[in-house]
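Trainee: quick one, structure for this:
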Amino acid sequence: MRAITIGLPIWTSSATELSEDVINLEKLSKKLMSQSNMSARTTRLTLPPMPVDMMLQPSALVSTMSLVQEIASKAGSRWYCLPINLMHEIDYEPILNELLSYIIKDQKLFVNLIVADESKISLRGAQIAAKFIINLSRRSFNGFDNFRVGVSSACVANTPFFPFSRHDGERLCFSLALETTLDCIDAVERLSVINPAIDEMQIAIKDALLKNIEQANQFGVALEQISLVEYRGLDASYAPFPDGKSSVGSLIEKLGVSPVGASGTLFATSILTDALKAALLESKARCSGFNGVMYSVLEDNTLASSNNLTSLSIEKLALFSTLCGCGIDMVPIAGSVYEESITSIILDISALAVRLKKPLGVRVVPIPNKIINEYATFNLDFLCDSRVMNTGVIDKAINTVNFNHWVYLN
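Mentor: Numbers count the residues shown, from 1 in each chain. Alright, predicted model coming up:
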């Protein structure tokens, strides 16, 4: 598994009791994983959206996050996610300025900026999120901090993948983020024929997913029973891991499309999506999150290489999102990008999320002092170097100033 994500009702519960509950859940999960011959890369904490009254008192941020830090340290949780709901009619500038300073100091903190729910989109929220992303990028030399900032649209509670996660409810709960990509690649490579047909590869992928999903779901149900902490479900998305092996791009190429982004990529995406939906249906597993195809460019060696060949674009990634891609994720863009350009990207993805009734996210990384087609270099083992992508030309931007919530009329 990629992660066990624990929902932490920090705004309404005692920090001492939460700490004890998280530590107990962590101990029980490790014991159960040992018995089941399983492992998880990380344990993470996700919080409910910050209450409006606390957002109006920026000093509450530091005091509460200090408690979260303490809980995470005691329980051995690697990261934690703070959601900020940008759909309210309030002045966000004080709390976001405070958060801007805080996120640079706390490298374990992820931030989920919420701009759309299942029925409406906040135009003002999209603009505020874009401004936050640009301001954060200008406080570092390589833009890396935006790796920990996501903009979410219609994302359900307790999505286990960061930074698009949030908790709801008054009690502790947990969800599971799986690692399915490498198992699917191995399943295709084990096929006996040299040039297998599409349907053979899809069945092999579905069977690999089913095995992984059933095992993880059994673990989740068992952990719920022994801990009495609610299990919200799993996210079996095809997600990359930058180890040179677990590549969504490589899986697409196994289906016969190269480079990723060339004609046929949308069809290959639909094959993967269909296999995943069939496996989830057959498994009868509890689901939470995206359960789609994650085209995370800077976290995937093959996708980064395809981008270097100019085979990927913002528009193509948005298109893939219509067939259970997960949005625009980990895309390097120019440090000189206009706020209006990022706002428009967020609104495009939000429109898809609400119309298609599927969770989507945006995570773009403006690279300081880099222009379109130059290379972003991070010198980090968990991020791939890749070409700065073009966000397109905007002659006139959508007015986000005098209008907030937008909804489809039908």
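
Trainee: give the contact list for the nearest residue to Leu56 once chain neighbours are set aside.
Mentor: With sequence-adjacent residues excluded and distances taken as Cβ to Cβ, 6 or more residues apart in numbering, Leu56 is closest to Ile90, at 6.7 Å. Where C-beta positions appear, they are placed from N, C-alpha and C, glycine not excepted. Ile90 makes contact with 52, 55-56 under the criterion Cβ atoms under 8 Å, 6 or more residues apart in numbering.

Trainee: go again with 10 Å.
Mentor: By Cβ atoms under 10 Å, 6 or more residues apart in numbering, the residues touching Ile90 are 52-53, 55-56.

Trainee: same check, this time on Leu234
Mentor: 1, 160, 175-178, 212-213, 216-217, 219-220, 280, 283, 285-289, 291.

Trainee: contacting residues around Asp348?
Mentor: Listed by Cβ under 10 Å, 6+ apart, the contact partners of Asp348 are 126, 314-315, 318, 321, 327-328, 360, 362.

Trainee: with Leu25 instead?
Mentor: By Cβ under 10 Å, 6+ apart, Leu25 lies in contact with 4, 6, 43, 75, 172-174, 223, 226-229.

Trainee: let's see if you can find the most crowded of those residues.
Mentor: Phe174 (30 neighbours; other Cβ atoms under 10 Å).

Trainee: is it fair to say it lies in a strand?
Mentor: Yes - assigned with DSSP: H, G, I helix; E, B strand; the rest coil, Phe174 falls within a strand.

Trainee: does it touch Arg232 like I think?
Mentor: Yes - judged on Cβ atoms under 10 Å, Phe174 makes contact with Arg232 at a distance of 6.8 Å.

Trainee: rewinding a little: okay, and which of the contacts of Leu234 map to helices?
Mentor: 212-213, 216-217, 219-220, 280, 283 (DSSP state H).

Trainee: dump those residues to a markdown table, plus pLDDT and neighbour count.
Mentor: Formatted as a markdown table, those follow (pLDDT from 0 to 100; neighbours: other Cβ atoms under 10 Å):
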| residue | pLDDT | neighbour count |
| --- | --- | --- |
| Asn212 | 97 | 20 |
| Ile213 | 98 | 24 |
| Ala216 | 97 | 25 |
| Asn217 | 97 | 22 |
| Phe219 | 97 | 22 |
| Gly220 | 97 | 24 |
| Leu280 | 98 | 21 |
| Ser283 | 97 | 21 |
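
Trainee: from the residues you listed, which is closest to Val68?
Mentor: Proximity of the ones in helices among the contacts of Leu234 to Val68 (Cβ to Cβ) peaks at Gly220, which lies at 23.4 Å.

Trainee: surely Leu409 is within a helix?
Mentor: No - using three-state DSSP, the assignment for Leu409 is coil, not a helix.

Trainee: biggest separation within the contacts of Asp348, which pair?
Mentor: Spatial extent of these (Cβ to Cβ) is set by the pair Ala126 and Glu315 at 17.9 Å.

Trainee: which neighbours do Phe174 and Arg232 share?
Mentor: Counting by Cβ under 10 Å, 6+ apart, the residues touching both Phe174 and Arg232 are 5, 7, 158, 160, 167, 220, 224, 288.

Trainee: the second one contacts Thr46, correct?
Mentor: Translated: Gly7. Yes - between Gly7 and Thr46 there is a contact under Cβ under 10 Å: 5.6 Å.
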